[in-house]
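S.K.: What follows is a predicted structure for the sequence shown.
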Amino acid sequence: MTTPPVCDYEGSDYQTSFWEQGGRAYEDQAEEIALKRLLPKSGRLLLELGAGAGRNSPRYTGYERIILLDYSRTQLQQARQRLGNSPRYTYVAADIYKLPFIDGLFDGATMIRTLHHMADAPKALGQVRRALAPGATFILEFANKLNLKAILRYWLKKQDWDPFSLEPVEFAALNFDFHPESIRRWLSALDFSIAKTLSVSHFRVSLLKRNLPPGLLATLDGWLQPTGAFLQVSPSIFVKSSVRRDDIPPHDTPSNLREWFQCPECATHPLRDMDTHLDCPQCGRKWAFHDGIYDFREAMKE
Ligand SMILES: C[S@@+](CC[C@H](N)C(=O)[O-])C[C@H]1O[C@@H](n2cnc3c(N)ncnc32)[C@H](O)[C@@H]1O
């Protein structure tokens, strides 16, 4: 199965350099406020897509279990160090374009700061939709090409790409900004219905961030976030949607976690549980489990 290229975070110090030492306390707190507003009070099984080092994972307090999925093993190792070995968290290295889960497994999913690495966003969203149960909640954050700075730069002729056009813009290799209308269309085509839209990070301006405390900026941002319902010109947008067709009852989740997986290459399930790895009875591929991480990126070598 051919899939689009992946933006590889293997070995990256993203959590430290971007968040902890990168002057982004304001953005982090603004996202926490947005998530609090959007997350359901309770849930069973949440899939965190592009979980990175688990910055947001402790925020999903209402869910019983969380699967952290990321392509990078080292990001997941960092997440595991931060969050520990609690059965609440399961770590899965896999490509979002080939999710290794059975259909309709999750009643919740989040995808924060990850869609912006997707060269084929509708394909990635299609995989998310497949893994979600009827009525499941999906919280998606995306980078907004229709942001105020891009609009002004375009009008002042300092930027060639048009923030008003619907196609994504790749502003750096494998980094994309999206038009909010495109996101709405893709979600709707996949049978999601949008419940809430928040605009986030209104004050991502160095002069303000240098001179005002992050907590104050985040509080002000929180007040402005609901304006996203009718105007989306901030750099980051959060959309809460749910899977339509709630007339179909969700199926029972297999009690054994290992029965949640399917082969990412040929979609066969259940996989044979061989303790240190999972075997696909159809294509014969073997998928490793080591250091607490299920690895579905590349099959084990014989
Ligand atoms: C910018 S980081 C965001 C991490 C986390 N969501 C956060 O907000 O702190 C993007 C993450 O997406 C992951 N990623 C990118 N492409 C992916 C793919 N095709 N499949 C799975 N993970 C992917 C990267 O490995 C990285 O950890």
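M.R.: Yep, it's here.
S.K.: Residue 48 belongs to a strand, doesn't it?
M.R.: Yes. According to DSSP: H, G, I helix; E, B strand; the rest coil, residue 48 belongs to a strand.
S.K.: Show me what secondary structure element comes after the longest strand seen in the chain.
M.R.: Longest strand of the chain, by residue count under DSSP state E: strand 132-143. Following strand 132-143 in sequence order, the next helix or strand is helix 148-155 (DSSP states H and E).
S.K.: Tell me if I am right that residue 110 is in a strand.
M.R.: Yes. In this structure, residue 110 lies within a strand as judged by three-state DSSP.
S.K.: how near is it to residue 82?
M.R.: Using C-beta to C-beta, to the nearest Å, we find residue 110 at a distance of 17 Å from residue 82. All C-beta atoms are positioned from the backbone trio N, CA, C, and that covers glycine.
S.K.: quick one: which of those two has more around it?
M.R.: residue 110 (28 against 14; other C-beta atoms under 10 Å).
S.K.: hey, what's that one bridged with?
M.R.: residue 48, residue 139 (DSSP bridges).
S.K.: So it is in contact with residue 50, correct?
M.R.: No. Using C-beta atoms under 8 Å, residue 110 makes no contact with residue 50, being 9.1 Å away.
S.K.: wait, what's in contact with the residue nearest to residue 285 when sequence neighbours are not counted?
M.R.: Excluding the flanking residues, the one nearest residue 285 by C-beta to C-beta, 6 or more residues apart in numbering is residue 299, at 3.8 Å. Residues in contact with residue 299 (C-beta atoms under 8 Å, 6 or more residues apart in numbering) are 265, 285, 286, 287.
S.K.: Go again with 7 Å.
M.R.: Residues near residue 299 by C-beta atoms under 7 Å, 6 or more residues apart in numbering: 285, 286, 287.
S.K.: Wait, the last one touches residue 274, no?
M.R.: No. Using C-beta atoms under 7 Å, residue 287 is not in contact with residue 274, being 9.6 Å away.
S.K.: the more surrounded of those two?
M.R.: Set residue 287 next to residue 274 and count neighbours by other C-beta under 10 Å: residue 287 wins out with 24 against 12.
S.K.: does that one count as helix, strand or coil?
M.R.: strand.
S.K.: nearest spatial neighbour of it, skipping sequence neighbours?
M.R.: residue 278 (4.6 Å).
S.K.: And for the helix or strand of the chain with the lowest mean pLDDT, what's in contact with it?
M.R.: The least trusted helix or strand in the chain, going by mean pLDDT, DSSP states H and E, turns out to be helix 14, with a mean of 87. Residues outside helix 14 that contact it (C-beta under 7 Å, 6+ apart): 52, 53.
S.K.: Just checking, which helix or strand succeeds it along the chain?
M.R.: helix 25-38.
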